[in-house]
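*Asks:* how does the following fold in three dimensions:
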Amino acid sequence: MVCSVRPFAAALFGGLILMSAAAGGAWAQSAPPEQKAAEQKSPEEQAKEEAQRRSVEEYAEAAKLPGNAGLPECVWSGRRIAMLLWRDDIDTARRHLELYERFGCPTEHLKIAFRCLVRQGNIDSKAQERLSERVHACWVNPDAQPATPTPAPAAPAQ
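*Replies:* Numbering: from 1, shown residues only. Next up, the predicted model:
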């Protein structure tokens, strides 16, 4: 009985070796998962990466502000307060203002940034990304003048 088990075990072991060699060869030919993932990103992933890159750039741009107004915690909370005030959510803005002041952020900068936002005029309430962009622009440069609409070209005289 011992003799009949040995050939079976040898065949099984040999089969396993052949299967692992074949699998190893196929694995060696395929690209690593990281490389495949980098090549095949969905549009959602690409949009996420773009938004993250833009956010990093916005904070780097704001870091150039004098004093504490450029600190990331001041930029983050200050922009949110300005957006809440724009949306007439005064109570939530007041609660965020306590946090903003606790971080040692300058309330004067918040005031002039919100003034800039108000001077810019109305924003489409459905376009929240536009509000965020305008708040950031006013945060980085509170002295920015409102964009003047370019007049429509006059119709040619006939």
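*Asks:* now stretch 134-142: buried residues?
*Replies:* Of the residues in stretch 134-142, R134, V135, H136, A137, C138, W139, V140, P142 count as buried by neighbour count, 16 or more other C-beta atoms under 10 Å. Where you see a C-beta, it was placed from the backbone N, CA and C, and this is true even at glycine.
*Asks:* what about E58, how many residues close to it?
*Replies:* Neighbourhood size, E58 [other C-beta atoms under 10 Å]: 18.
*Asks:* and the host helix or strand of it, what other elements does it pack with?
*Replies:* Taking DSSP states H and E as the definition, E58 sits inside helix 43-62. Helix 43-62 is packed against helix 72-86, helix 128-140, with contacts defined by 3 or more C-beta pairs under 8 Å, 6 or more residues apart in numbering; DSSP states H and E.
*Asks:* in CSV: the buried residues of stretch 134-142, plus distance to D124 and pLDDT.
*Replies:* Output for those, formatted as CSV (distance: C-beta to C-beta, whole Å; pLDDT from 0 to 100):
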residue, distance to D124, pLDDT
R134, 11, 90
V135, 14, 91
H136, 17, 89
A137, 16, 90
C138, 17, 92
W139, 20, 90
V140, 22, 88
P142, 22, 87
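*Asks:* all set now, cheers.
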